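Peer 1: okay, predicted coordinates and the sequence, questions at the end:
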Amino acid sequence: MRPATAVITAIVALFPYYRTLSAQQSPSHLFQDQTPLTLRLEGDLKGLFHDRGEKRTAHPARLRYASAADTGKIDVKLRTRGIFRLKQCAFPPIRIDLPAHKVDDTPFAGQDKLKLATHCLSARLYERNLLREYALYRAFNALTDSSFRVRLAHVTYIDSARTDTTIRYGFLIESDAGLAHRLGAEVYESNNVHDLLTDPAYMTLVAMFEYFIGNSDWSVWARHNIAILRRTQPPQLLAVPYDFDFSGAVNAPYATPPPQVPIHTVRERYYRGYCQPDTILHSVLARFRAAKDSIYAAVRAVPDLPEGDLKGLLNYFDEFYDAIENRGLVQREFVRGCRSAPQ
């Protein structure tokens, strides 16, 4: 271990990074307010949900919204999206394409394309999964502003082709372009980005968060559930995580660990971060300790999260916090257990 003074110096130097990285840009109003939206999507949803090929098309729909005293309607285009959930869910995730220059006086001002996370299947268990995943996005927001913002919504889906109506929770996710703008960055399109080419402090924070929620379903190199952003001042690449439904914290019925990870269930945690100096590791652990109350408060604030689900999430988080106070476990999991740089 490095001397304690070196660790403290690094913590002081790096601590502001997690909260001030995005101070340059003000966030969209849509994601500043955490009051759930009321949305109604009406269109040929049967046709939309059957459109799951590689060349998916846009489907016209009408979006009605209510946010506080603001109500209105917008003609939009819908596309199915996703990978696993696109194949397995009766209600797959949706991308909402908003019309340019027609949303200025709506809650969607400044938005272009929005992801809508849906409930997957009709059983209420899957809506609970969605609320738990939403809670994880909010937990990461509590750790760092360099994270995808989300907005919960009561969504009524009206299928005009079948005169069928479904009402469930969903949540909107900030677009890659919107996140990049807020961070004063740009979406980085180049392939084959290795973890070690990204900002080491932020990358370690991401790897630790994925461990915290029990998620092994991500890869920087493969751009799997990771968005790559590039900042010029200071020059750095950021690998920002999303899609947490395969995590142990959500514990969805369909979730299994990736075959290359030596665990048996998603409830088992496995650290996939690369080895970093003790100064970076301990600054990240310090950030988790400092943000604990904010993380727990964010989870407790999720509307209609059943008491049993809330207790289960917080107990799962407690296991992490107990572990990082155990020097032996920290050595085993994050020092001896970290990934070595390729030779």
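Peer 2: Right, received. Where do you want to start?
Peer 1: identify the bridge partners of residue 152.
Peer 2: On the basis of DSSP bridges, residue 152 is bridged to residue 171.
Peer 1: and the helices in the stretch 101-250 of the chain, which stretches?
Peer 2: With DSSP state H, counting those that start in this stretch as the criterion, the stretch 101-250 of the chain has helices at 124-143, 176-182, 200-212.
Peer 1: now these in JSON lines, with distance to residue 282?
Peer 2: Using the backbone N, CA and C atoms, a C-beta is placed for each residue, glycine as well. Putting the helices of the stretch 101-250 of the chain into JSON lines (distance: least, Cβ to Cβ, whole Å) gives the following:
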{"stretch": "helix 124-143", "distance to residue 282": "16"}
{"stretch": "helix 176-182", "distance to residue 282": "28"}
{"stretch": "helix 200-212", "distance to residue 282": "10"}
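Peer 1: deepest of these, which one?
Peer 2: Of all those, helix 200-212 carries the top mean neighbour count, a mean of 23, counting by mean count of other Cβ atoms under 10 Å.
Peer 1: how far off helix 124-143 does that one point, in degrees?
Peer 2: Per axes from the mean of the first three to the mean of the last three Cα atoms, to 10 degrees, the angle that helix 200-212 makes with helix 124-143 is 150 degrees.
Peer 1: convert the C-alpha atoms of helix 200-212 to CSV, please.
Peer 2: C-alpha atoms of helix 200-212 as CSV (Å, rounded to 0.1, in the frame of the first residue of the first chain):
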residue,chain,number,x,y,z
PRO,A,200,-8.4,6.2,-15.2
ALA,A,201,-10.2,7.8,-12.2
TYR,A,202,-13.6,7.9,-14.0
MET,A,203,-13.1,4.4,-15.4
THR,A,204,-12.3,3.0,-12.0
LEU,A,205,-15.4,4.7,-10.6
VAL,A,206,-17.5,3.0,-13.4
ALA,A,207,-16.0,-0.4,-12.8
MET,A,208,-16.6,0.0,-9.0
PHE,A,209,-20.2,1.0,-9.6
GLU,A,210,-20.8,-2.0,-11.8
TYR,A,211,-19.4,-4.1,-9.0
PHE,A,212,-21.5,-2.2,-6.5
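Peer 1: which residues sit against it?
Peer 2: Here helix 200-212 makes contact (Cβ atoms under 8 Å, 6 or more residues apart in numbering) with 14, 17-18, 21, 139-140, 143-144, 146, 195, 216, 218, 220, 236, 238-241, 247, 269-274, 276, 280-281, 283-285, 287-288, 317, 320, 333-334.
Peer 1: that older thread, which of the helices of the stretch 101-250 of the chain sits closest to residue 102?
Peer 2: Nearest to residue 102, of all the helices of the stretch 101-250 of the chain, is helix 176-182, at 17.4 Å by Cβ to Cβ.
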